[in-house]
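> missing the sequence, but the structure's below:
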């Protein structure tokens, strides 16, 4: 009797079950832009994201500037303040060799200001900044603000009031 | 007729499929936003420049002209010698026991983002000079205790010629005389 019971247990332990998962994945190609702080520029807020902030601090034609901000020119009618920032375009699943970077102001520049990325003056219409950017590496760009020296109300910028502007960047795979 | 129509629709679908495939491989886009912030501050700037007559007597060249930190060499002078080693320095006897050396230069003050119509100009020497030595600008004696006003209302963007003078009495011990003279422009 004991022998029969043991034999029965052994037979039950041999039951098996199998299952199959048929997995599929669509690896979609895509690109993403992130802004990175440049070693020679101002420290970005939300560094490494696609929605970064860049604070020039208090700027003037002759006064001190924040770290990472330079003043390449002071002319009778205007002066320019400049900083550096990096753009990295990350790609996945693409076979394209490079990307085109364009930029535009989200709204018209405040009175007395002209914005430029590298040598390209920005408007509310997209302008090409770089036609052959390399993926997955920081590419340095300069942001140049040319400020009129005119007094407020005479064509110059508002003084003592914090101003903000947004630049929209678009990367398009070539 | 019906057959032709179906064929046309079929071809359209295939073509659309190609376009979708094509967009998947090229023309990928991504956007990002960079938000800038800043505050503009009004400011004025001061630089020293060589006078148009630089090189002639009374107008020595500045080193680093065109900046706000310049040098001015007034050479070597003595009461007994009745002259200065540099031809550009104006040398003169004042009274019976004092000599003066002088040289003129220009001050240029510019403004940005301000409606200020004019500025005040003042100057101060860095250290008290030896007894019987005076440092003056346009005949106004400077001190190291406070800024001395030179002009009450100069115009921005206009060159203002200033003459630096050093008056030395004949009983002053021989040796170098040196001062750092700070000019202060204040917007009116």
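Everything's here; your move. As the structure is a prediction and not an experimental result, all values here were calculated from the model. Residues are numbered from 1 along each chain as shown, chains lettered A, B, ... in the order given.
> what helix or strand is residue B:69 on?
Of the helices and strands defined by DSSP states H and E, none includes residue B:69.
> what about the residue lying closest to residue A:156 once chain neighbours are set aside, neighbour count?
In space, and not counting its chain neighbours, residue A:156 is closest to residue A:150: 3.4 Å by C-beta to C-beta, 6 or more residues apart in numbering or on different chains. (C-beta placed from N, C-alpha, C; glycine too.) By the criterion of other C-beta atoms under 10 Å in any protein chain shown, residue A:150 has 18 neighbours.
> residue B:46: what secondary structure?
Three-state assignment for residue B:46 (DSSP: H, G, I helix; E, B strand; the rest coil): strand.
> these two touch, right, it and residue B:111?
No: if you go by C-beta atoms under 8 Å, residue B:46 and residue B:111 don't touch, sitting 10.5 Å apart.
> just the pLDDT for the residue most central in space within chain B.
The geometric centre of chain B, computed from its C-alpha atoms, lies nearest to residue B:47 (C-alpha atoms, centre = their mean), at 3.0 Å. pLDDT for residue B:47: 97.
> still on that earlier bit, who's more crowded, residue B:46 and residue B:111?
Counted by other C-beta under 10 Å, residue B:46 and residue B:111 do not tie: residue B:111 has more neighbours, with 23 against 16.
> got any ranges where chain B has weak pLDDT?
Low-confidence segments of chain B, defined by pLDDT under 70: B:1-26.
> can you give me the strands for it?
Ranges of strands in chain B, per DSSP state E, are B:29-40, B:43-49, B:62-63, B:71-72, B:77-78, B:83-84, B:90-94, B:98-112, B:119-125, B:133-137, B:140-141, B:148-154, B:160-169, B:181-187.
> quickly compare these and say which is most buried.
Most buried of the strands of chain B by mean neighbour count (mean count of other C-beta atoms under 10 Å in any protein chain shown) is strand B:98-112; its value is a mean of 22.
> which strands or helices does it pack on?
Under the contact criterion of 3 or more C-beta pairs under 8 Å, 6 or more residues apart in numbering or on different chains; DSSP states H and E, strand B:98-112 touches strand B:43-49, strand B:77-78, strand B:90-94, strand B:119-125, strand B:160-169, strand B:181-187.
> okay, now the sheet partners of the third one, with direction.
Partner strands for strand B:90-94, per DSSP bridges, with pairing direction: strand B:98-112 (antiparallel).
> same question, the first one
Strands that pair with strand B:43-49, judged by DSSP bridges, come out as strand B:98-112 (antiparallel).
> between strand B:181-187 and the partner strand, find me the angle.
Computed with axes from the mean of the first three to the mean of the last three C-alpha atoms, to 10 degrees, the direction of strand B:98-112 lies at 40 degrees from that of strand B:181-187.
> the inter-axis angle of strand B:98-112 versus strand B:119-125?
Relative orientation of strand B:98-112 with respect to strand B:119-125: 140 degrees, computed using the same axes, to 10 degrees.
> re earlier: does the residue nearest to the centre of chain B really touch residue B:66, like I thought?
Yes: counting by C-beta under 8 Å, residue B:66 is a contact partner of residue B:47 at 5.8 Å.
> how long is stretch A:130-148 end to end?
Distance across stretch A:130-148, first residue to last, is 27 Å (C-alpha to C-alpha, to the nearest Å).
> next: stretch A:106-122.
First residue to last in stretch A:106-122 (C-alpha to C-alpha) measures 10 Å.
> ditto for stretch B:115-131
In stretch B:115-131, first residue to last residue: 44 Å (C-alpha to C-alpha).
> those residues of chain B touching chain A, which are they?
Counting by C-beta under 8 Å from any C-beta of the partner chain, chain B comes close to chain A at B:24-45, B:110-115, B:157.
> coming back round to it: mind listing the shared neighbours of residue B:46 and residue B:111?
Shared contacts of residue B:46 and residue B:111 (C-beta atoms under 8 Å, 6 or more residues apart in numbering or on different chains): none.
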